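Any chance you could fold what I've pasted below:
(one chain, ligands or ions: 1)
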Amino acid sequence: MSYIDIEYPTEKQAFYDTLTEQLKLYTDGEDNLTAALANASSVIKLAFPDANWVGFYIVDKARDELVLGPFQGRPAVTRIGYGLGVCGTSWKERAPQVVEDVECFMGHIACDCNTHSEIVIPLFDGDGGVWGVLDMDSVTEAYFTNEDRDGLIRAISVIERRLRGEE
Ligand code: SME
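So this is what the prediction gives:
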């Protein structure tokens, strides 16, 4: 398998259709968590030129924390407590977080001083439990919109279904 660079459409619906197809393609037949999330973080990072960090945090049930998973970007904090930071808040509230300005998010955990905005999408298992989050940072303020939130939920559902063995 060799990666072929593609040009993403600018129109959001078409952009997320393409991203969804790319995620399907590069995780095809893979039910191993690390392998699927490693390629997913690469595919997503390539699609967002202004994203300086794209990766996953996985729920560590024994320690009630998120632990760093596959990612693209600078080294990051390895553990995040339940309800802490943007990621822990998304986990606790079971809801996406769209942060236009990280300086204004109380408790934001800074990993890269170039980051200005962030989006976090919770990932659900078949029983409705959160098993991890997708975290994306951008150097641009207010880079992520609610349209991106909805598009990412749709695109990342490929991975959720893949890991449940449904696709
Ligand atoms: N900013 C995140 C921490 C992880 S880094 O962005 C990679 C947070 O507040 O949870």
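
In the longest helix anywhere in the chain, which residues are buried?
Secondary structure of the chain per DSSP state H: the longest helix is helix 146-163. For helix 146-163, the neighbour count (16 or more other C-beta atoms under 10 Å) marks 148-149, 151-153, 155-160, 162-163 as buried. The C-beta positions use only the backbone N, C-alpha and C, and glycine is treated the same way.

can you list the residues you listed in a markdown table and add pLDDT and distance to the ligand?
Output for those, formatted as a markdown table (pLDDT from 0 to 100; distance: C-beta to the nearest ligand atom, whole Å):
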| residue | pLDDT | distance to the ligand |
| --- | --- | --- |
| Asp148 | 98 | 16 |
| Arg149 | 98 | 16 |
| Gly151 | 98 | 20 |
| Leu152 | 98 | 15 |
| Ile153 | 98 | 18 |
| Ala155 | 97 | 19 |
| Ile156 | 96 | 17 |
| Ser157 | 95 | 22 |
| Val158 | 92 | 22 |
| Ile159 | 91 | 18 |
| Glu160 | 90 | 20 |
| Arg162 | 84 | 23 |
| Leu163 | 83 | 21 |
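
Any chance you could give me the longest helix of the chain in PDB, C-alpha atoms only?
The C-alpha coordinates for helix 146-163 follow below in PDB (Å, rounded to 0.1, in the frame of the first residue of the first chain):
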ATOM      1  CA  ASN A 146     -19.600  23.500  14.200                       C
ATOM      2  CA  GLU A 147     -19.600  22.300  10.600                       C
ATOM      3  CA  ASP A 148     -16.200  20.700  11.300                       C
ATOM      4  CA  ARG A 149     -17.600  19.100  14.500                       C
ATOM      5  CA  ASP A 150     -20.400  17.500  12.500                       C
ATOM      6  CA  GLY A 151     -18.100  16.500   9.700                       C
ATOM      7  CA  LEU A 152     -15.500  14.900  12.000                       C
ATOM      8  CA  ILE A 153     -18.200  13.000  13.900                       C
ATOM      9  CA  ARG A 154     -19.300  11.600  10.600                       C
ATOM     10  CA  ALA A 155     -15.800  10.800   9.400                       C
ATOM     11  CA  ILE A 156     -14.600   9.300  12.600                       C
ATOM     12  CA  SER A 157     -17.600   7.000  12.900                       C
ATOM     13  CA  VAL A 158     -15.800   4.900  10.300                       C
ATOM     14  CA  ILE A 159     -13.200   4.200  12.900                       C
ATOM     15  CA  GLU A 160     -15.700   3.600  15.600                       C
ATOM     16  CA  ARG A 161     -17.600   1.100  13.500                       C
ATOM     17  CA  ARG A 162     -14.300  -0.600  12.300                       C
ATOM     18  CA  LEU A 163     -13.200  -1.200  15.800                       C
END
